[in-house]
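Undergrad: here is a sequence with its predicted model. Questions after.
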Amino acid sequence: MSNKQTGAPTPPHGGKAKSMKPKNSKKTFLRLVGYFKPYIVTLIIVAVCIIVAAEANVYGTAQIETLVDSHITPMLVNGSSPEAWAGFGKAIGKMALVYGIGIICMYLNARLMVNVSTGILNDIRKQMFAKMQKLPIRYFDKHTHGEIMSRYTNDTDSMREMVSQSIPQILNSGFRVISVLVMMIILSPMLTLVAIIMLFLMVLVVKAIGKRSSAYYKTRQAALGKANGYIEEMTEGQKVVKVFCRESKVETEFGKINDDLRRAEAGANTWASMLMPLMGNLSYIHYTITAILGTLMIIAAASGNYISLLTLTAGQLITFLQYTRNFAQPITMLSQQFNSILSALAGAERIFEMLDEEPEVDEGRVTLVNARLDADGTLAECAERTHIWAWKRPAWIETIQNADGSFGSLEHPMELIRVRGDVRFKDVTFSYDGEKIVLDDISLYAKPGQKIAFVGSTGAGKTTITNLLNRFYDIQEGEITYDGIKLTDIRKDDLRRSLSMVLQDTHLFTGTVRDNIRYGKADATDDDIIQAAKLANADSFIRHLPNGYDTMIENDGENLSQGQRQLLAIARAAVADPPVIVLDEATSSIDTRTEALIEKGMDELMDGRTVFVIAHRLSTVRNSNAIMVLEHGKIIERGDHDDLMRAKGRYYQLYTGAFELS
Amino acid sequence: MLKKIIPAVKGYIKPSIGASIMILIEGTLEILIPFMMTKLIAEGLNTETPNINAIIRIGGIMLIMAFAALAAGMACARFASIAGTGFACNLRNMLFKKIQGFSFANIDKFSTASLITRLTTDVSNMQMLFVMCIRMLVRNFVIMVAAFIFAAAINLQLSLVFAIAIPLLVFVMWIVVSNAYPLFEKMLNKLDLMNARVQENLISIRVVKAFVRGDYETVTFNESADALKRAQVRAEKIVAWMNPLTQLIFYAAMIAVCFFGGKLIVGGSMNVADLSGFLAYIGQILSSVMMLSAIFATFIMTRASQKRIVEVLDERTDIDDSDITEDIPVIDGSVEFRSVNFSYSKNPDNLTLSDVSFSVKPGETIGIVGGTGSAKTTLVQLIPRLYDVLDGSILVGGRDVRQYKLNTLRDSVAMVLQTNLLFSGTIEDNLRWGNETATMEQIEAACRAAQAHDFIMHFPNGYQTDLGQGGVNLSGGQKQRLCIARALLKSPKVVILDDSTSACDTATDAAIRHALRTELKGTTTFIIAQRIASVLDADRVIIVDDGRIMAMDTPQNLLETNEIFREIYESQTKGSVA
């Protein structure tokens, strides 16, 4: 799990036992139904197919009775004749036809459902991802990666199962139960009554077992969580285990946890796996009772005790017995689907929760445009890249109070403001959670082209300042301006485009080295990329990679050293060519020799831009225009290196090693 | 492949067999019931003299059978659960034990994530397969055979229908599964790709947002989601044939039985009851054939899991001390490298260390410096025999490290790894890793030497402070100091600090070094450091470059004679007032 330094609080550790039950199944179900809308025509065809297939099954089976009672028995009594045989053949043909139609419908149903289930899943996935991109950083602070990942994996998986299997099966089973019931009533109301009593009994059994197994399920989940946690921790710490010769100790401990898991699992699995044999054998009991009652009824009818409700022929009994078996099957299936539907709904609920999250707010209207300086010194917007940017504030109307106290309006025309990189914080106070103040009444300014450094312990609020600058979070009090424009007036995307960040944890994407550098600027030419790489002193190591700039980077750049990854991240920031650069511990993993080598490139990169630097290593920040020493969210010292050394305060202590940065 | 996995049944053979027997009983009874039913109708509904007694007698037997089947079915569920979970438990233990025996080289070969998957997901897959086998394999096989025999007993001619239907069914299922399987593999591949993309976006969400690439990422994701969808449709399209085709065979068999059965009845060689019994067997036989095929399909589908588990069980542990019979103690902290060559890939053409020779007297403090990737860590990891040398030898206490029992050697050579990993539990629990039986005084002494005592006492619970997984509520410097204290508790002859004070301030760093020097006199100390100040007071410094020892001398001499050392020194002290 990543627990990296982001300036923000990290989400709680460890996997919470996920709930199996949805909180509001009805609402969730209805919303899920909404996703079926685009497939409504297909679904109607599917429903028809399901009904026809179920009916065909029932009706086809009913033909057995006709065969026996109207064809075979008469032939036994009256002797066979070619006509009788022809009738028999016709009846068989009819049966084949009915079954044939059933099979065609079955296939159509299965085939069409593939389109529906993959389609719906695809829709949901895309929606989730698009939404994820719009969520504020705050959301990612509150939820672990594992948690969000499981929306894409476990939760969509259980939903897929529900859409592609459970729902068609429920429809199918439901129809079958109902049609079998109808046929049963037609054949013998009396025996149907027995079937209904049996059905009632089965429902009771399912309920009782469900109750027990869900109690066991909880203990099992807890034991599983514990075992998996231990496995994870010890596997990650395997080398420490070896160095301390703890192998046998760890083994014994795992043995205990493993055994607890075994016991808990055995309990839970017993109940879960009892359902099938119980249902199946209840159906056999039902079958037997029906057989006994049926034969008795036949005898009763034959001996002249004629009661219309109880009449039964041998053919009818055989068919009815077949129905009792057909009856049990879908009911067992239904009872099995029940759990998977509940867990799918719980998954769907979690997905919907994510889809319902508030997206990042952006009310900014000021945009970033390329500009050129005309001969008379005025700015003009242009399409091509000129290395001059301007903020474009659209025409707007300001409500003002006139001298006489009445309100009037002042029309501002569209204006272009040259982007210079002038950043000011005025009395900024900020807290991540609304309780613990992280930045307390911070004021600072960075003039265009200045290098501003932040120094302080972990948690002092260094990274938070940069997080506010690109509006990963919004301030609660005070004001931040950028070239005189309120930060909140600038469209977020444009604000971020005007800043380049090199973060402490360098993250790279699957793709070529070239792609990764181009990440800074989508339309960068290959030449731009090589220029940027040279600037970051990354060019030489890239050329030494097996495929140079086309070398694939996989798994967050695991084939590169941490230092090389940081160089790539610097190149990525360089190619963006922005007016403001934020370097958050950008060179922490580069050894001092290499750092000295890239110093020239870094200087070139920083030249003419406003730069914010956060660094642990004080040699990196020495030449800044201003150094801010942060402690507990306050700036306790500020000035350039010489000022601060003279002041003999905290910076001096840090620099001379008398104080530890943690 | 299964030969390696089957021993996991040990201790659970009885419930495994019990489950199979119980389900066999259940299955047999389930076949007998329709058979009894035909008797019931035949005897009870005897056209001349209806026999109520026969109905009650046979019906009673049927009822007893049904209840017995119920009991057997439930007993089977219980046995199978015990056996299945026991099997999984054993398998996990086997794997865990094997992994505990792994050397560093073995550990490097498997990634942590893959080992975790093997211990969790793969084991549950095997558990599922195992339970399926004990519950279904025997049962369905017996049912298939028995139902076939009973059907044949009713009417041999008619049972020829099965001779066509069963092979046909197996054939159809084989065709479907074998066509679908590779497509499903492709689909899973696409799914992995898509999930990897999501994961990457989660990890790098700040980068994505900072560079305003959300829309681009969404487009890329949609492409991979669509690719997944297409692969899924391709695979599931084939599976869609499965049910209709098997049902077709089932229906065809029914019709054939009705047709030929009708003829036989009219011809007088069969009666109506036989027909209904026969029809019941069709369902049983064909569904057991399907179940058997399902087991086979699961077997195929879990092949990857089987392979991954066996891979771990088969892994040859490459450092082993079982052949060392005499447990000789390490007498002192002298260390000597004699023309050591080392390669992670055991390839003489790809050496990480080449021709390393040096010797260190007991009690000396040795600094090691060098650029990233120069093999400093590799060098020291050979001392406690975390890896074996390719050529040459390493002597600790005057004896080749390969002559010691591993536990003895590693208890005498304490190494603080770069990854300062602590485990869940209290601070004291973690420290006790170094010495299970240490007294509180010893623990405190070690912590004082590692400059950890003071900050520990600042926690409200002191040594009883609970560290979450990975020790989340400590700063990097604090974690490093705890790791050092943990190692010191071993009272070792040799201490190795691999960049272990990088997150501590220079004052703390110096205090730790001072404590090591004064309190652990006679203990040989190796210090790998990025910070040049950390090695300036060492007795001697080794400069490593590209797997070779460039120089080994006192720091004072090196400042005069060694270019690299001077360069590093200057880059780090430039402009410093200290």
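TA: Received it, and whenever you're ready, just let me know what you need.

Undergrad: now the nearest residue to B:Asn350 once chain neighbours are set aside: phi and psi?
TA: Of all residues not flanking B:Asn350 in the chain, B:Ser343 sits nearest, at 5.4 Å (C-beta to C-beta, 6 or more residues apart in numbering or on different chains). The way it works is simple: take the backbone N, C-alpha and C, and place the C-beta from them, glycine included. Dihedral pair for B:Ser343: phi -140, psi 130, per degrees, to the nearest 10.

Undergrad: please tell me how far B:Ser343 sits from B:Ile528.
TA: For B:Ser343, the distance to B:Ile528 equals 20 Å [C-beta to C-beta, to the nearest Å].

Undergrad: any idea how far chain B is from A:Asp474?
TA: In this view, A:Asp474 and chain B are 14 Å apart by C-beta to the nearest C-beta, to the nearest Å.

Undergrad: no, scratch that, I was asking about A:Ala227
TA: Applying C-beta to the nearest C-beta, the value for A:Ala227 to chain B is 8 Å.

Undergrad: tell me how many other residues surround that residue.
TA: Other residues within reach of A:Ala227, judged by other C-beta atoms under 10 Å in any protein chain shown, total 23.

Undergrad: surely it touches A:Ile257?
TA: Yes: assessed by C-beta atoms under 8 Å, A:Ala227 is found in contact with A:Ile257 at 5.2 Å.

Undergrad: next up, the contacts around the nearest residue to A:Arg385 once chain neighbours are set aside.
TA: Sequence neighbours aside, A:Asn370 is the residue nearest to A:Arg385 in space, at 5.6 Å (criterion: C-beta to C-beta, 6+ apart). Contacts for A:Asn370 (C-beta atoms under 8 Å, 6 or more residues apart in numbering or on different chains) come out as A:381-386, A:388-390.

Undergrad: save those as a markdown table, and put in secondary structure and neighbour count too.
TA: Formatted as a markdown table, the contacts of A:Asn370 follow (DSSP: H, G, I helix; E, B strand; the rest coil; neighbours: other C-beta atoms under 10 Å in any protein chain shown):
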| residue | secondary structure | neighbour count |
| --- | --- | --- |
| A:Glu381 | strand | 13 |
| A:Cys382 | coil | 13 |
| A:Ala383 | coil | 7 |
| A:Glu384 | coil | 6 |
| A:Arg385 | coil | 12 |
| A:Thr386 | coil | 12 |
| A:Ile388 | coil | 15 |
| A:Trp389 | strand | 25 |
| A:Ala390 | strand | 23 |
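
Undergrad: name the nearest of the residues you listed relative to B:Ala375.
TA: Nearest to B:Ala375, judged by C-beta to C-beta, of those is A:Arg385 at 45.6 Å.

Undergrad: how near is B:Gly11 to B:Cys89?
TA: Remark: distance between B:Gly11 and B:Cys89 (C-beta to C-beta) = 9 Å.

Undergrad: neighbour count: the two, which is higher?
TA: Taking other C-beta under 10 Å, B:Gly11 and B:Cys89 do not tie; B:Cys89 has more neighbours (25 against 12).

Undergrad: wait, that one sits on A:Asp260?
TA: No: if you go by C-beta under 8 Å, B:Cys89 and A:Asp260 don't touch, sitting 9.7 Å apart.

Undergrad: assumed the residue nearest to A:Arg385 was part of a strand.
TA: Yes: A:Asn370 sits within a strand when classified using DSSP: H, G, I helix; E, B strand; the rest coil.

Undergrad: good, wrapping up.
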